[in-house]
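Student: Got a sequence here, can you build the structure:
(3 chains)
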Amino acid sequence: MPDDRELSATRSGGRLLTDQVPGLAAMDELVVSRQSETLDSDDILVRKPLGFLFWFACAFVGLVVVLASIANLLPLPNPDVGNFSAINAPPGIHHLLGTDDLGRDLLSRLIYGARVSLVVGFVSVVIGMSIGGTLGLISGYRGGRLDVALNAGSFVLLAFPAIVAVIAIVAFWGQSLLKITVILGVATIPLLYRVVRASSLSYANRDFVVAARTMGATSSRIVFREILPNVVPVAVTFGLITVAGVIVIEGSLAFLGLSVALPTPSWGNLISEGTSNGNLSTNPYIMLWPVLAMFLLLLSINLIGDRMRQRFDIREGLL
Amino acid sequence: MIGRRTSKRAAALEFPDAVPSEGPLLVVDDLHTSFRTGRGTVRAVDGVSFTVGRGRTLGVVGESGSGKTVLSRSIMGLLPPRDVIKSGTVHFDGRELTAMTPAELRQVWGAELSMIFQDPMTALNPVKRIGKQITESLRLHLDMSRSEANATGVELLRSVGIPSPEQRIRWYPFQLSGGMRQRVMIAIALACAPRLVMADEPTTGLDVTVQAQILDLLGELQRERHMAVILVTHDLGVVANRADDIVVMYAGRVVEQAPTKTLFQQTRMPYTRALMDSIPRLSDPSGVRLHAIAGRPPDLIHPPEGCRFAPRCPYVQDKCRQIEPPLRTAGSPDHLFACWFPLVNGVSTAPSVRSTADGAVIAGATGPVANPGPETTPGQVAIPGPAVPRVPPAPPGYPGETPIDPDAEVGTP
Amino acid sequence: MAKYFIRRILQLAVVAFIISVLVFLLVHLLPGDPTIIILGPSDTAHNRAVLLQQLGLNKPLWQQYTTWLGAVFHGNFGQSYLNHESVASIVKTGFPIDLELIIISQVVAFGVAIPLALITSRRPNQAVDNISTTTTFGMLALPPFVIAPIMVAVFAVGLHWFPATGYVPFTQDAATNIHDMILPSLAITAGSIAVYYRLFRSDLIGTLQEDFITMARSKGLSNRSIMLRHAFRPSSFSLLAAAGVNIGALLAGTFIVEYLFALPGLGYSLVYAVQQRDYLVVQGISLIVAIAYVVLQFIIDFVFTVVDPRVTRE
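Tutor: Predicted coordinates for the structure are as follows:
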C-alpha cells in the first residue's frame, strides 16, 4: 500500500517534468526543514532569545495594523480632499506630518495608504496559501500523477512572466483593491505551492508517517494530523516573506499608477507623487513619510520571519 | 609501503620511532574539558591522565556519554574555542600541545598526530575527489609536487587495500562502499606517517566482517610503521586482542587502567566487569539472557557525590555513595582502579549486607580491606593475594549466577 | 551525461511552448478592442472592420496562434502598431539593456555577498557579523522604487556624479554606457546582495559544523584553505538555486528601474505595450523573456552538474 514515490513520480507519467531537476530540486530544498533526528543542539547550546528587535518589530506591525483598521474612527482629515490654504505645510499641530502640494494631510494619507499595503500583502498571501498551500500539502504527501501534473504546472507558471499577467489584468479588469488583491493572490499560488509541497514531501517519508500508516490511519488524518503541524512553521515563515514581497510588488505597481486608482492613497503612489513634479526639492516630506513607513514595515516583517525561521530551525530559504 | 619521498622529513618518515627516543610519546595529565550550556556546565572530561609509549596501542573504552570522544578531541586540541573550558596538560613527544598556538598545532596535526573519524559518510568531503583529500596533507606537510603527491596517494590507497587505486583515486566518496571509505580515511590519516593516530570509533557503523578487516589493517600498518595508536571505542571486544593497554572511562573519569591481559584477568572495577559480561559469547547456550548494565550514565552537569558508578553498581555500599574512590594502584604499578571494594579474582570484596548491628558479619566480610589507607596517594594498599575465604552470596537483583570463573576465556572479539 | 542534457533541452522546449500559448491566450482573451486604440473611438465601424481584417484579428484563435508562431520561427515577430517599429528591433534594443542591468547588478551582488559571508560565517554573532546582518536586513526593506529616487536625488541631482536619465548603447560608447548604467544597476542590487549574503552565510555556518570540516582541520589545513577549498563548494548549492530564482524574477522585474531612468529596456516596453494593447509587442517580448528564463534555468542546471558531482553520477 505505501505508494512508491520514486516509481510513480519519475518513471511513468512524469518523465518530462519531474523534480529530478537539480536547480528546481535544490530550490525546493531551500525551505525544507532540516531538523536533526538525534538530540538537537538546542539542548546543548544556549537558546538565543527572540530578542528585543523581534518584539519591537511585532509592535510596529501591530501598530500599523491597528491604525489602518480604525482609520475611520480616528480624527483624521479626509485623505483625498485638499485644503488649499495649507499647501506644503511642514509638520505641525494641525497636520502632524504636514501636507502635500495639494493640501492633503500626509498623516491621513499615510494611514489610509497603509490599508492598501496591508490588505494586499496579507490577504493575497492568505489566498495563495489556502489554495497553493493546501494543494502543496496534499500533493507532497500523495504523490502520483496529480503531483507530477501540479509540479509541472507550477514550474511553467513560475517561468511565465507574471508581471505581464498582473499588469494586463489590472489594466483591463479594473483597479480596485479587491481585484488587485485577488490577482496578486493568484500570482503567489505557484510559489507557495512549491514551498509547501517541498516541506510536505520531506515529511512524507519519515518514519513517524510510515508508522501512522501501518496503524491504519487514513490519508486525510495523516495529512492533517501528522504532516500539517510540521509544515506550519515553514509555511508561516515563508508566508511572511511572501507578504513582504507582495507589498513590494504592489508598491512598484502603485508607483507606476497601476495599483489602486488615484486619488486613493497607497504608499507606492505616495512615493511616486513625492518624487515627481519637483516635489523632492519643494516638499521632501511627501516622499519621506511613506518611504520611512514602508522601510520600517518591510524591515519588521522580514525580522519577524527571520526570527521565526531561526527558532524553528528552518534552512535559510529564498528569503 | 609508502614509496620514496623527497622532502626534509623523508628519512624520519620511513620508520619514525624505529630508533627509540627518550620517554613516552604522549602524556596526558589531569585533563579537564567542560562545556558551557544553557543548563549548566557539562564536565565531559573530568580529570583524565595516562601515557602512551611509542609504537604502543592504547584502548579507551567507555559507553556513550563517558567522554571518550571529547577526550580524543581534547587531546588533539580540535574543540571549538567558545564555551569550552579546558585545564590540564597534554605533552606530545616532549612538546606541550595544550600550550601551542593554533598555527603551531596546525603543523603538528596531520604530520605527527592524526585522527581517524568515526563516520566515513560524513567525515569525507562529499564533493571532493578522494585523491584530492589525500594529497592535500601530503602537499601541505611534505612539500610534495602534484605528481609526487598523486603517486604517493595511489600507493597509500593500495596499502590500505583498495583495488585499482589508479582509477579510484579520482573517485568521489559517494561512489565507494562504507568499508572502502573507512580505508580511505585510514589512508588519509596515515599519509604523512604520523607518530600517533587516534582512531575514534573507527568501526562503528560498519558490517561486522568489515570491522575485523579494518582493525586488522590498522594493526598491520601500525606494526609496519611503528606507530602509536589510541583506539577509542565502546566495544571491549574491539580492543581485547589489539590493545597493549586499556583505559576504561566512566562519566568523564578513568575508572580502571591496565595492560590488556591484566585488565581481563584481574579486573578490579565492577564496571569493567559488567562491560565484559555484557559481551555475548558464542559459548553461551542459546536463550541465555544478555547482561545489560541497569540504569543510565549520570548527569555530567551535576555529577553525584561519591563514586559515579554507585547508582548502577551491584556491589554498592554506603561508603561508595558518600566518598569518591581515588584512582590508585594496589600491588602492580601499571594497574590503576577507582573502587572502594574492588573485585579480587572475580569476587567482590564488598560486604554482602549493609551496616547492621551484627558486628561479626561486617568484620568478617570486610576483612583486611577495611582500612584502605591514605585517600589520595596511589599507595601500596595491601590486598591479600589468594581469595578471601568468605564468599558472599550475590546481592538480590543481580543476575543471580555463580561468580565468574576468572580463568575462563575472556573477551574474544 | 549527454542524455541528461538532451532531456533537459526537451523539457525546456516544452515549457517555452506552453508559455507562448499562455501569453497568446492572455493577450487575446482580455477585454478591449485594439482597433479603438489604434483608430480612436470615433472612427467608423467599417474602418474598424477593415483594420480588424488587416490585422488578422477576425480569424479563429488557434489560427492566429499558428500564424504568429510560424512567423516567429522565421524571425518575424510582427510590428508594433503604435509606432510601426518591428518587434524584433524593440527586442534588439531592449534586451542588451536588461542583460547589462542584470549582469552588473549580479556581479556586484556576488562580489559583495560572497566575501562578506566567507568572513562573517567563521565568527557568527560577533561585531562584523551583526553589522552586516543588520545592514542586509535594511537592504531588503528598500525596494528599487524606494532606493532609486533617493539615489537619483543624492548622486545625480545632488552630486552630479551620474546622470539621472539617458542611455547610450554599449556598441556606440562603452565607457559612457557603463557609466550611465551604474545607478540603475545599483538600484536593483540591494535586494540581491541581501538574499545572497544571508543564504550563503547560513549555509556556510551549517557546513562548518560538518564532520568533514573537523577532519580537514585535523589534517592541519589553514583556515583560509578550509574555507575556500572545503566549505565553499558544498555551501554554494542553495546560492546557485537562489540565483536562478532571483535572476529569473529580475528578468521581467526591471521595469521600475527602466521607467525611472528612462531606459528603453524590455521591462518598460512590455508594461507600456500592455497598457496600449499592443499585442504583438506583448507576445513577442513575453516570449523572449520566457525563453530567457528557461535558458537561465538550463544554465543554472548545467553549473549545478559542474559544481556538484553527485548530480549526474548518482
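Student: what pLDDT does the nearest residue to B:Leu26 once chain neighbours are set aside get?
Tutor: Excluding the flanking residues, the one nearest B:Leu26 by C-beta to C-beta, 6 or more residues apart in numbering or on different chains is B:Val52, at 4.2 Å. Placement of C-beta: from N, CA and C, glycine included. Looking at B:Val52, its pLDDT stands at 92.
Student: quick one: B:Val52 and B:Arg195 touch, right?
Tutor: No - between B:Val52 and B:Arg195 there is no contact under C-beta atoms under 8 Å: 10.1 Å.
Student: shared neighbours of those two, which are they?
Tutor: Both B:Val52 and B:Arg195 are contacted by B:25, B:228, under the criterion C-beta atoms under 8 Å, 6 or more residues apart in numbering or on different chains.
Student: How much space separates the residue nearest to B:Leu26 from chain A?
Tutor: From B:Val52 across to chain A, the span is 30 Å (C-beta to the nearest C-beta, to the nearest Å).
Student: tell me the contacts of that residue?
Tutor: B:24-26, B:58, B:196, B:228, B:230, B:245 are the contacts of B:Val52 under C-beta under 8 Å, 6+ apart.
Student: Torsion angles phi and psi at it?
Tutor: With angles defined as degrees, to the nearest 10, B:Val52 sits at phi -130, psi 130.
Student: And the contacts of B:Val52, which is closest to B:Thr203?
Tutor: Nearest to B:Thr203 among those is B:Ile230, at 14.5 Å by C-beta to C-beta.
Student: my hunch is that that closest one is in a strand, does that hold up?
Tutor: Yes - judged by DSSP: H, G, I helix; E, B strand; the rest coil, B:Ile230 forms part of a strand.
Student: Strands along the stretch 201-350 of chain B, start to end?
Tutor: Assigned strands in the stretch 201-350 of chain B, in chain order: B:228-233, B:245-250, B:253-259, B:328-330, B:332-337, B:343-344, B:347-348 (criterion: DSSP state E, counting those that start in this stretch).
Student: Quick one: closest of the ones you listed to chain C.
Tutor: Evaluated over these, closeness to chain C peaks at strand B:228-233, with 13.5 Å, by C-beta to the nearest C-beta.
Student: Surely B:Gly161 touches B:Arg183?
Tutor: Yes - if you go by C-beta under 8 Å, B:Gly161 and B:Arg183 touch, sitting 5.9 Å apart.
Student: so after the helix or strand containing A:Ser108, what's the next helix or strand?
Tutor: Using DSSP states H and E, A:Ser108 sits within helix A:106-118. Proceeding N to C from helix A:106-118, the next assigned helix or strand is helix A:124-128, under DSSP H and E.
Student: can you tell me if that following helix touches chain C.
Tutor: No - applying C-beta under 8 Å from any C-beta of the partner chain, one finds helix A:124-128 out of contact with chain C, separated by at least 15.9 Å.
Student: And that helix, what does it pack against?
Tutor: Applying 3 or more C-beta pairs under 8 Å, 6 or more residues apart in numbering or on different chains; DSSP states H and E, we find helix A:124-128 packed against helix A:177-204, helix A:228-255.
Student: Please name every helix or strand in contact with the helix or strand following that helix.
Tutor: Next in sequence after helix A:124-128, counting helices and strands by DSSP H and E, comes helix A:134-142. When contacts are defined as 3+ C-beta pairs under 8 Å, 6+ apart, helix A:134-142 packs onto helix A:144-159, helix A:177-204.
Student: Can you show me the CA trace of helix A:134-142 as PDB?
Tutor: This file holds the C-alpha atoms of helix A:134-142, laid out as PDB (Å, rounded to 0.1, in the frame of the first residue of the first chain):
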ATOM      1  CA  THR A 134      -3.400  23.000   0.600                       C
ATOM      2  CA  LEU A 135      -2.500  21.700  -2.800                       C
ATOM      3  CA  GLY A 136       1.100  21.500  -1.900                       C
ATOM      4  CA  LEU A 137       0.400  19.700   1.300                       C
ATOM      5  CA  ILE A 138      -1.700  17.100  -0.300                       C
ATOM      6  CA  SER A 139       0.400  16.800  -3.400                       C
ATOM      7  CA  GLY A 140       3.600  16.400  -1.500                       C
ATOM      8  CA  TYR A 141       2.300  13.600   0.600                       C
ATOM      9  CA  ARG A 142       0.200  11.700  -2.000                       C
END
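Student: Next one, pLDDT for the residue in chain B positioned nearest to chain A please.
Tutor: Closest residue of chain B to chain A, C-beta to the nearest C-beta: B:Gly38 (4.3 Å). Confidence at B:Gly38, expressed as pLDDT, is 78.
Student: what's the answer for B:Leu282, then?
Tutor: 75.
Student: What's the local residue count around it?
Tutor: 5 (other C-beta atoms under 10 Å in any protein chain shown).
Student: Check A:Thr275 too.
Tutor: A:Thr275 has 23 neighbours, counted by other C-beta under 10 Å.
Student: next one: B:Glu220
Tutor: Residues near B:Glu220, counting by other C-beta under 10 Å, number 13.
Student: which bits of chain C sit near chain B?
Tutor: Residues of chain C lying close to chain B by C-beta under 8 Å from any C-beta are C:210-212, C:214-222, C:225, C:229-230, C:233-234, C:307-310, C:313-314.
Student: residue ranges for the helices of chain B, please.
Tutor: For chain B, the helices defined by DSSP state H occupy B:10-14, B:68-76, B:102-108, B:120-123, B:130-142, B:146-159, B:165-168, B:178-190, B:208-225, B:236-240, B:260-265, B:270-277, B:318-322, B:359-366.
Student: out of these, which comes closest to C:Pro96?
Tutor: Closest among these, using C-beta to C-beta: helix B:130-142, at 40.6 Å.
Student: From the chain's centroid, how far away is the closest one?
Tutor: 28 Å (C-alpha atoms, centre = their mean, to the nearest Å).
Student: again with stretch C:273-293
Tutor: Taking mean C-alpha positions (C-alpha atoms, centre = their mean), stretch C:273-293 and its chain are 15 Å apart.
Student: what's the average pLDDT for that stretch?
Tutor: Averaging pLDDT along stretch C:273-293 yields 80.
Student: what does it contact?
Tutor: A:159-161, A:164, A:167-168, A:171, C:15-16, C:19-20, C:23-24, C:27-28, C:30, C:32, C:34, C:37, C:68, C:72, C:77-82, C:87-88, C:90-91, C:94-95, C:248, C:251-252, C:266, C:269-270, C:272.
Student: And the buried ones among those, selectable in PyMOL?
Tutor: Buried members of the contacts of stretch C:273-293, defined by 16 or more other C-beta atoms under 10 Å in any protein chain shown, are picked up in PyMOL with:
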select buried, (chain A and resi 159+160+161+164+167+168+171) or (chain C and resi 15+16+19+20+23+24+27+30+34+68+72+77+78+79+80+81+87+88+90+91+94+95+248+251+252+266+269+270+272)
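Student: Appreciated, that's everything.
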